[in-house]
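Visitor: this is a predicted model, with the sequence first.
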Amino acid sequence: MVQTAFLYLKKIMSLVRLNIKGISYSQTQNGAYALILSEVEGERKLPIVIGAFEAQSIAIALEKEIKPPRPLTHDLFKNFADRFEILVKQVIIHKLVDGVFYSSIICERDGIEEIIDARTSDAIALALRFHAPIFTYKNILDQAGIYLKVNPREEQEEDFSVEDLIADEIEQSEETSFKELSLTELQRMLGQAVQDEDYELAAKIRDEISKRQ
């Protein structure tokens, strides 16, 4: 659904900018993840349930050291947009209905703005690749935002690493086998896992390497 930019400009003062806080495995839906967005000038968090593929795509966009050998779907969109000089300027989470968030991608080409309807997970995956800001309306944050009250030490312990965004909990047996390998062997395995597009294994190896550095 394409809408005019004018409708959004009328409500621009009510927009709240969001950052990505992290992603955790959903405790309520099997195979799903909870994307946690945080308001830039406030303490509220906005949790959004997304699928495993979208969680992986967002995590890869955040991870600077893991590069897919072939473009993923969102990477392909970015390459296509770059080729035809289409710019994603911002993403707006504009509606919440029955627990489902609706988003729009504000694009520009040849000085003309278009607003494209998109799933929130796809919109955020693209926003990361275009370095575009993410917004929602104040009334949505008032309705669905939550306060996570933790002390600084607990917050530090509960922060998600980039590897956690891609993979589930590391199995104890895998941790043991990784510990028996040298850093050189782990780096070689990491390269092979990325080459094979096995990002879950790559994330687990990265976690072990990070522990030693």
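Guide: Here it is on my side, so go on.
Visitor: residues in contact with Ile20?
Guide: Contacts for Ile20 were tallied using CB atoms under 8 Å, 6 or more residues apart in numbering; they are 35-38, 58, 62, 124, 128, 134. C-beta here means a position set from N, CA and C on the backbone, and glycine is covered the same way.
Visitor: how's the chain carved up into domains?
Guide: Taking automatic domain parsing as the domain assignment, the ranges for the chain are 2-147, 167-212.
Visitor: which of those domains has the lowest average pLDDT?
Guide: Here the lowest mean pLDDT among the domains of the chain goes to domain 167-212, at a mean of 69.
Visitor: if we can go back for a sec, turn the contacts of Ile20 into a markdown table, including secondary structure, distance to Phe80 and neighbour count.
Guide: Output for these, formatted as a markdown table (DSSP: H, G, I helix; E, B strand; the rest coil; distance: CB to CB, whole Å; neighbours: other CB atoms under 10 Å):
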| residue | secondary structure | distance to Phe80 | neighbour count |
| --- | --- | --- | --- |
| Leu35 | strand | 24 | 25 |
| Ile36 | strand | 29 | 19 |
| Leu37 | strand | 26 | 25 |
| Ser38 | strand | 30 | 17 |
| Ile58 | helix | 19 | 26 |
| Leu62 | helix | 22 | 15 |
| Ile124 | helix | 18 | 28 |
| Leu128 | helix | 16 | 20 |
| Ile134 | strand | 21 | 22 |
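Visitor: can I get those residues in CSV with distance to Leu87?
Guide: Supplementary listing: the contacts of Ile20 in CSV, determined by distance: CB to CB, whole Å:
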residue, distance to Leu87
Leu35, 24
Ile36, 27
Leu37, 22
Ser38, 25
Ile58, 20
Leu62, 21
Ile124, 17
Leu128, 15
Ile134, 16
